[in-house]
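S.K.: with the input below, show me the fold.
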Amino acid sequence: MADTSKPLLIKRYASRRLYNTETSDYVTLDDIAGFIREGREVQIVDLKSGDDLTRQYLLQIVAEHESRGENVLPLAVLTDLVRSYTTQAQSVVPQFLAASFEMLRDGQSKMLEMNPMAAKMPGFEAMQAQQEAFLKAMTTGFANNWSGPGREEEKTEEKDDLSAIKKQLAELQKKLSDMDE
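M.R.: Alright, predicted model coming up:
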């Protein structure tokens, strides 16, 4: 039985093949993405050198999804990520992104805790989309503030988007409250 509390150890051989140490078989990037979607943490190490390659492979998974048209990261976010490597923002951007994703996960978890049937409820997908839009607004807002002046029109649109998201979230919360009664 696999211990799911520890990261799943994947070893990369010299042939670049990836070996799952729990199941003793070879895996692909899609398999690794599936493990992560299932909630597993993974650690990918080079068998010979022992170097941790996890970050490199996770970035490769994201890049492959993006190249297939499964766009999750807005262009402005990608641009600002690249920009952050050449500015003093290096220390701020990773913490900001981590906090934003943590907030998104917490919001979804709390929603499901309040009402486990929420995942099957009409409108739950809309709420998830709103949370994603909120995250996008937050990251784009950060990018706009970081990138400098001349983007006032975009900031106004983001405020309008955020207001719409807040209104829709309040409506969904009211529907949930009505369901409990």
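S.K.: domain map for this protein?
M.R.: Domain assignment for the chain by automatic domain parsing gives 8-67, 75-180.
S.K.: what's the least confident stretch among the ones you listed?
M.R.: Confidence, taken as mean pLDDT, is least for domain 75-180 of the domains of the chain (a mean of 66).
S.K.: on the three-state scheme, Ile10 is what?
M.R.: Per DSSP: H, G, I helix; E, B strand; the rest coil, the secondary structure class of Ile10 is strand.
S.K.: for the nearest residue to Arg40 once chain neighbours are set aside, grab the count of nearby residues.
M.R.: Computed as C-beta to C-beta, 6 or more residues apart in numbering, the closest residue to Arg40 that is not its neighbour in sequence is Leu8, at 5.1 Å. (Glycine included, C-beta is placed from N, CA and C.) Residues lying near Leu8 (other C-beta atoms under 10 Å) number 21.
S.K.: for Tyr26, list each beta-bridge partner.
M.R.: On the basis of DSSP bridges, Tyr26 is bridged to Tyr19.
S.K.: try Leu9
M.R.: Beta-bridge partners, per DSSP bridges, of Leu9: Gln43.
S.K.: next up, the contacts around it.
M.R.: 21-22, 42-43, 45 (C-beta atoms under 8 Å, 6 or more residues apart in numbering).
S.K.: which among the residues you listed count as buried?
M.R.: Buried members of the contacts of Leu9, scored by 16 or more other C-beta atoms under 10 Å, are 42, 45.
S.K.: of the contacts of Leu9, closest to Val62?
M.R.: Comparing the contacts of Leu9 against Val62 with C-beta to C-beta places Val42 closest, at 13.8 Å.
S.K.: name the nearest residue to the closest one, ignoring sequence neighbours.
M.R.: Nearest non-adjacent residue to Val42 (C-beta to C-beta, 6+ apart): Leu8, at 4.8 Å.
S.K.: just checking, that neighbour touches Phe35?
M.R.: Yes. Counting by C-beta atoms under 8 Å, Leu8 touches Phe35, with 5.7 Å between them.
S.K.: quick check: neighbours shared by those two?
M.R.: By C-beta under 8 Å, 6+ apart, Leu8 and Phe35 have these common neighbours: Val42.
S.K.: let's see stretch 58-73 as PDB, backbone CA atoms only.
M.R.: The C-alpha coordinates for stretch 58-73 follow below in PDB (Å, rounded to 0.1, in the frame of the first residue of the first chain):
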ATOM      1  CA  LEU A  58       6.100  20.700 -13.500                       C
ATOM      2  CA  LEU A  59       7.000  23.700 -15.700                       C
ATOM      3  CA  GLN A  60       7.200  21.300 -18.700                       C
ATOM      4  CA  ILE A  61       3.700  19.900 -17.800                       C
ATOM      5  CA  VAL A  62       2.300  23.500 -17.700                       C
ATOM      6  CA  ALA A  63       4.000  24.400 -21.000                       C
ATOM      7  CA  GLU A  64       2.500  21.300 -22.700                       C
ATOM      8  CA  HIS A  65      -1.000  22.100 -21.500                       C
ATOM      9  CA  GLU A  66      -0.600  25.700 -22.600                       C
ATOM     10  CA  SER A  67       0.700  24.600 -26.000                       C
ATOM     11  CA  ARG A  68      -2.400  22.400 -26.500                       C
ATOM     12  CA  GLY A  69      -4.600  25.400 -26.100                       C
ATOM     13  CA  GLU A  70      -5.500  24.700 -22.500                       C
ATOM     14  CA  ASN A  71      -4.700  28.300 -21.500                       C
ATOM     15  CA  VAL A  72      -4.800  28.800 -17.800                       C
ATOM     16  CA  LEU A  73      -2.300  31.600 -17.400                       C
END
